[in-house]
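[1] Attaching a predicted model along with its sequence, questions to come.
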There are 2 protein chains.
Amino acid sequence: MRRHCQHQWRGQIKVCGYRMTKPRQSIMDVLGKTAEHLSAEDIYLAVHKFYPNIGLTTVYRNLELLVDMGMVVKFEFGHGKAKYELADEYGKKGHHHHLVCKKCSKIIDYSDFMKDEVQFLQRTEKGLSAKYDFQITDHLIQFYGYCNRCREK
Amino acid sequence: MRRHCQHQWRGQIKVCGYRMTKPRQSIMDVLGKTAEHLSAEDIYLAVHKFYPNIGLTTVYRNLELLVDMGMVVKFEFGHGKAKYELADEYGKKGHHHHLVCKKCSKIIDYSDFMKDEVQFLQRTEKGLSAKYDFQITDHLIQFYGYCNRCREK
DNA sequence: GTATTAAATGAAAATGGTTTTCATTAAGAA
DNA sequence: TTCTTAATGAAAACCATTTTCATTTAATAC
């Protein structure tokens, strides 16, 4: 897969038989420009600034579509609202995981220590697939705890 | 921590300044007896059979309390309802993780390949804590995919 | 450019898991 | 047994997300 690129997005959507609409484009733009982990409402508000006609429903619908197409990833960090980010291949962040603060909900992206992780995942996925006859397509690795500001000194 | 044991539960609750009530006891009983991953409603229905006065509200309230006390773990597998199980130290399952089928939502517990995992976690947590000044208390590792019945052959 | 047609949209209503409110009950100490 | 306060249950509220449905619009054909 290639890097973040509008033409690729558009192409992908066309190829899949969908139309390139203004709301669709706007949502992708917002996701492409932020480094944050946005909720549907966050995205709605951001798009609303330059495209005030957008409806929250449309945001949800398009996010679902983009997630299905693999261009966006949905995360549930456990505070009610789902968060969305561009998939590795479409965003500028590259492959990363998250540290989640249990107090302030701050989320830190990290992409260190990935060699270890890849090794661990390869071995484990192989072993699990075989033992449980289960086709693994995906994994979730998240660390929870307290960030420096929330930790009692 | 010690093994699954009613007297420990009760003691723990008392020690924390809470009262031992019939609904509380019932919820712990249900969680202690099942091997499944129960939702609040599942627990409500199970308790309801032998304690028909139980209210769903009470189930939610007590689950929250038990989670706070660390006796129960809450999981969000991503299909709307949270699932609950006894914490490692209180249940009979021991430390384990989950394989989640994206189609039928079946959840398989596994506790194999843990040596690798422990190694990976130790190294990674150590590295992340230091680099991001973040106190890690907890982690979530989950594999998603298709179980043998849902996988197109 | 215009007509055509099905996909996409937006507003409002519905959904459904979870939380809150509040009057009542009951656990545990005195 | 009394007393205090935590705990309970029913009903209502909450709130993120989905559904409904009439209207708009992107993309294709003319």
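    In hand now; what should we look at?
[2] Wasn't A:His139 part of a helix?
    No: with DSSP: H, G, I helix; E, B strand; the rest coil as the criterion, A:His139 is located in strand rather than a helix.
[3] Chain B versus that one, what's the distance?
    Taking CB to the nearest CB, to the nearest Å as the measure, A:His139 falls 5 Å from chain B. C-betas here are computed from N, CA, C, even on glycine.
[4] what's across from that residue in the sheet?
    B:Phe143 (DSSP bridges).
[5] isn't it right next to B:Leu140, touching?
    No: using CB atoms under 8 Å, A:His139 is not in contact with B:Leu140, being 10.3 Å away.
[6] Could you check how many residues crowd around the closest residue in space to A:Tyr144 that isn't next to it in sequence?
    Nearest non-adjacent residue to A:Tyr144, counting by CB to CB, 6 or more residues apart in numbering or on different chains: B:Asp138, 4.0 Å away. Residues near B:Asp138, counting by other CB atoms under 10 Å in any protein chain shown, number 12.
[7] Contacts only, for B:Asp138.
    A:Lys102, A:Phe143, A:Tyr144, A:Gly145 (CB atoms under 8 Å, 6 or more residues apart in numbering or on different chains).
[8] could you dump the helix or strand hosting the last one to CSV, C-alpha only?
    Using DSSP states H and E, the element containing A:Gly145 is strand A:135-146. Listed in CSV are the C-alpha atoms of strand A:135-146, where the atom choice follows Å, rounded to 0.1, in the frame of the first residue of the first chain:
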residue,chain,number,x,y,z
GLN,A,135,-8.0,-17.3,11.4
ILE,A,136,-6.5,-14.2,12.9
THR,A,137,-6.9,-11.0,10.9
ASP,A,138,-6.3,-8.4,13.5
HIS,A,139,-5.1,-7.6,16.9
LEU,A,140,-5.5,-5.0,19.6
ILE,A,141,-2.7,-4.1,22.0
GLN,A,142,-3.2,-1.3,24.4
PHE,A,143,-1.6,-0.3,27.7
TYR,A,144,-3.5,1.4,30.4
GLY,A,145,-2.2,3.4,33.4
TYR,A,146,-1.4,7.0,34.5
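[9] Could you tell me which residues within it count as buried?
    Neighbour-count burial for strand A:135-146, counted by 16 or more other CB atoms under 10 Å in any protein chain shown, picks out A:Gln135, A:Ile136, A:His139, A:Leu140, A:Ile141, A:Gln142, A:Phe143, A:Tyr144, A:Gly145, A:Tyr146.
[10] try stretch A:108-125
    Quick answer for stretch A:108-125 (16+ other CB under 10 Å): A:Ile108, A:Tyr110, A:Phe113, A:Asp116, A:Glu117, A:Phe120, A:Leu121, A:Thr124, A:Glu125.
[11] Give the rounded mean pLDDT of it.
    On average, the pLDDT along stretch A:108-125 is 93.
[12] quick check: longest helix of chain A.
    helix A:114-132 (DSSP state H).
[13] Now do it: which elements does it pack against?
    The helices and strands touching helix A:114-132, judged by 3 or more CB pairs under 8 Å, 6 or more residues apart in numbering or on different chains; DSSP states H and E, are strand A:135-146, strand B:107-110, helix B:114-132, strand B:135-146.
[14] what does it contact?
    A:95, A:97, A:134-136, A:139, A:141, B:99, B:108, B:110, B:112-113, B:116-117, B:119-120, B:123-124, B:143, B:147.
[15] same thing but 10 Å
    Residues outside helix A:114-132 that contact it (CB atoms under 10 Å, 6 or more residues apart in numbering or on different chains): A:94-97, A:111, A:134-139, A:141, B:97, B:99, B:108-110, B:112-114, B:116-124, B:127, B:141, B:143, B:145, B:147-148.
[16] Quick one: distance of the helix or strand where A:Leu65 lies to the chain centre.
    Following DSSP H and E, the helix or strand that holds A:Leu65 is helix A:56-69. Centroid displacement of helix A:56-69 relative to its chain, using CA atoms, centre = their mean, to the nearest Å, is 12 Å.
[17] Can you tell me the strand partners of the helix or strand following that helix and which way each runs?
    Using DSSP H and E, the helix or strand that follows helix A:56-69 towards the C-terminus is strand A:72-75. Strand A:72-75 pairs in its sheet with strand A:83-86 (antiparallel), by DSSP bridges.
[18] So the partner strand, near DNA strand D or not?
    No: if you take CB under 7 Å from any atom of the strand as the test, strand A:83-86 misses DNA strand D, and the best it gets is 8.3 Å.
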